[in-house]
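Novice: For reference, the sequence and a predicted model appear below.
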Amino acid sequence: MPTALVTGATAGIGNAFVHRLASDGHHVVLVARTEPRLHEVATEVKAKYGVEAEVLPADLSTADGRLAVERRLSAGGPVDILVNNAGFGTRGRFEDVSVDWLQNQLDVNVTSVLRLTRAAIPGMVERGRGAVINVSSIAGFFPATGATYGATKSYVTAFSEGLAMSLKGTGVRVMALCPGFTRTEFHDRAGDDKSAIPKPMWLTTDQVIDQCMADLARGRIRSIAGWQYKALVGVTRLLPPGLLRRLEAGLGRGRT
């Protein structure tokens, strides 16, 4: 049976990926910081889907945490799908937020994506198959909505698309998943005012993942769920950069 490794596996989109991949017949390796919650999810997944669920506690904001996952990917048995989902946003003005907190965000959102992908790809290329799904964000197309968070997601999207092109013909697929507002714990943790976001802009995790898996099967290198977000990204190609940045700044007020 194939194996999938998912970071940020205990909540939100990551947890939804775990259930989707397990239901499709994948053994799963669950990565997150909180070990008791990891064991709860593993027990649930094994009972519900009859697959193996391996627990790997790791804090991806630390070098030791990243190294533990890198070793599992490179030398712990074949991983057929890697889902780099772990990530977080922050609130507050750039000059007021702790630089250590900003560094943690960079390490989780960017460094871990780079290093875990690098650990997984050689084995996939050698086997002639595999897939990496890097969870980015619509915010990556609108970086002024949050200077540091948007910048990290711009990197994830550009990195994924560039790597996907360089791996053509190897049998290994890489895709950037770019969700918009999705009903998960993410926005609570980031301190967002969810009441300010119009209802039509909200997606469910099932919508995001269904679109992602369909796009992956089609060989696409970017997945965007929801007509509203496809339209928003289309707007970025039409508006002058100066006007686009002014609009973004208004939408992203308060987010770092």
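Specialist: Nice, thanks for sending it over.
Novice: W101 reaches F88, doesn't it?
Specialist: No - counting by C-beta atoms under 8 Å, W101 does not reach F88; the two are 9.5 Å apart. Heads up, the C-betas are built off the backbone N, CA and C, glycines and all.
Novice: buried ones in stretch 220-235?
Specialist: By neighbour count on 16 or more other C-beta atoms under 10 Å, the buried set for stretch 220-235 is 220-221, 223-226, 228-229, 232-233.
Novice: Including secondary structure and distance to V108, could the residues you listed go into a markdown table?
Specialist: As requested, the buried residues of stretch 220-235 are arranged in a markdown table below (DSSP: H, G, I helix; E, B strand; the rest coil; distance: C-beta to C-beta, whole Å):
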| residue | secondary structure | distance to V108 |
| --- | --- | --- |
| R220 | coil | 25 |
| I221 | coil | 23 |
| S223 | strand | 21 |
| I224 | coil | 22 |
| A225 | coil | 23 |
| G226 | coil | 25 |
| Q228 | helix | 27 |
| Y229 | helix | 23 |
| L232 | helix | 25 |
| V233 | helix | 24 |
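Novice: Lowest average confidence across helices and strands, show me which element that is in this protein.
Specialist: helix 186-190 (a mean of 53; mean pLDDT, DSSP states H and E).
Novice: biggest helix in this protein, by residue count?
Specialist: Looking across the chain with DSSP state H, the single longest helix is helix 147-166.
Novice: now whichever helix or strand comes after it: mean pLDDT?
Specialist: The helix or strand immediately downstream of helix 147-166 is strand 172-177, counting by DSSP states H and E. Taken as a whole, strand 172-177 carries a mean pLDDT of 98.
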